[in-house]
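Q: Below: sequence and its predicted model.
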Amino acid sequence: MSRRQSRESALQVLYQIDMSGTDPRQALGLFWQCFEPPEDIREFTTELVEGTYKERTRLDEMISAAASHWRIGRLPKVELNLLRMGVYELLSYPQISANVTINEAIEIARLYCGDEAPMFINGVLDQVAATVGKKAQADESKQ
């Protein structure tokens, strides 16, 4: 459950950064002033926020390629940040299966996004996972 809490916290911080233009370190500092999670949640949240923020241009390019008929600028900020975080996790955490990353993003979308978002998030992350070869790894591990 702590990874889920980390992902939800990271989404909230990334949204704050997008809406306020705050630096990631400052946004994390403000977030930790309000919430005092256990160290493992804090650590994974920080990794997700800093990595996603640093790689956002590359992540946006990958999302654009996978989200046919959608421009990044037209995506709601919550969905965009959830996609960025999911793509970052697919690329940066080989020990976490694509299925886990995608399912977690879908569940978080059910909590924070509109009714259509979970299906959209699933489609985009599934496409990215296939593009980077992580989907094939997940499929092989099932055999």
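A: That came in fine, so what should we check first?
Q: Quick one: list the elements packing against the helix or strand that contains L30.
A: Following DSSP states H and E, the helix or strand that holds L30 is helix 24-34. The elements that helix 24-34 packs onto, with contact taken as 3 or more C-beta pairs under 8 Å, 6 or more residues apart in numbering; DSSP states H and E, are helix 2-20, helix 39-54. The way it works is simple: take the backbone N, C-alpha and C, and place the C-beta from them, glycine included.
Q: In a markdown table: those helices, plus mean neighbour count, distance to L111 and mean pLDDT.
A: Converted to a markdown table, the helices and strands packed on helix 24-34 look like this (neighbours: other C-beta atoms under 10 Å; distance: least, C-beta to C-beta, whole Å; pLDDT from 0 to 100):
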| stretch | mean neighbour count | distance to L111 | mean pLDDT |
| --- | --- | --- | --- |
| helix 2-20 | 19 | 8 | 95 |
| helix 39-54 | 19 | 16 | 95 |
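Q: where does the residue nearest to the spatial centre of the chain land in three-state SS?
A: A centroid search over the chain (C-alpha atoms, centre = their mean) returns M85, at 1.9 Å, as the residue closest to the centre. With DSSP: H, G, I helix; E, B strand; the rest coil as the basis, M85 sits in helix.
Q: re the thing from before, and the helix holding L30, what's buried?
A: Buried residues in helix 24-34, counting neighbours by 16 or more other C-beta atoms under 10 Å, are found at 24, 27-28, 31.
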